[in-house]
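>>> kindly return the folded structure for what I paste below:
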Amino acid sequence: MTDISIRHVTPDDFDWIVERHATLYAEQDGFDESFGPLVASILAEWYPRHDPRRERGFLAERRGDRLGTVFCVDAGDEVAKLRLFLLEPAARGQGLGRRLLDDCLGFARDAGYRRMTLWTHESHRAACALYAAAGFHLASARPVRSFGQDLVEQHWEFALTPPE
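From the prediction side, this is the model:
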């Protein structure tokens, strides 16, 4: 894993981020064609107005091949939101997901956020196990119909600073 670098996301990465989210979630979870446009809208909304001191997209790559992403975005009221966390299947199980998550958490902490939240689905078991191992706790879960699938939507939270 020493040959993997993590850099900031640029607009040149957006098409890849949208395509890989759409493709992998369709293949692995049966998500319909509405998921790719959602990812595109998240990026289109975030990039033009993000504050690089408080928000960042991280991209892992090996010799120019993109392997994964994670974003820290401002959710207001000293809360950061983790978004667009993705790892290519070939890059899983090697500690890269934890490395990306740790970089995102460290950035959020350094940016002054007190808490981080995220939204995911119960079916993403490996990601949920990673969140739990990192110290996130499951704040809520509810059944939903999204992206053409019956899913259990989950909201996770993480304290970036100790309670006062």
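
>>> contacts and neighbour counts: CA atoms only from here.
Noted.

>>> low-confidence regions, the protein specifically.
Low-confidence segments of the chain (pLDDT under 70): 1, 162-164.

>>> all strands in it, in order from the N-terminus.
4-8, 56-62, 65-76, 79-87, 115-121, 137-146, 149-159 (DSSP state E).

>>> out of these, which one sits most buried?
A comparison of the strands of the chain by mean neighbour count, using mean count of other Cα atoms under 10 Å, puts strand 79-87 on top with a mean of 22.

>>> show me what contacts Pro37?
Val18 (Cα atoms under 8 Å, 6 or more residues apart in numbering).

>>> and it, how far from Lys81?
In this view, Pro37 and Lys81 are 20 Å apart by Cα to Cα, to the nearest Å.

>>> and what of Ala44?
16 Å.

>>> same deal with Arg54?
11 Å.

>>> common neighbours of these two, please.
Cys72, Val73, Asp74.

>>> so the first one bridges to which residues?
So that's Cys72. Arg56, Leu82 (DSSP bridges).

>>> verify the stated contact: it with Glu55.
Yes - between Cys72 and Glu55 a contact is recorded at 5.3 Å, counting by Cα atoms under 8 Å.

>>> what residues are shared contacts of the two?
Taking Cα under 8 Å, 6+ apart as the criterion, Cys72 and Glu55 both touch Ala108.

>>> now Glu157. Nearest residue, chain neighbours left out?
Thr117 (4.4 Å; Cα to Cα, 6 or more residues apart in numbering).
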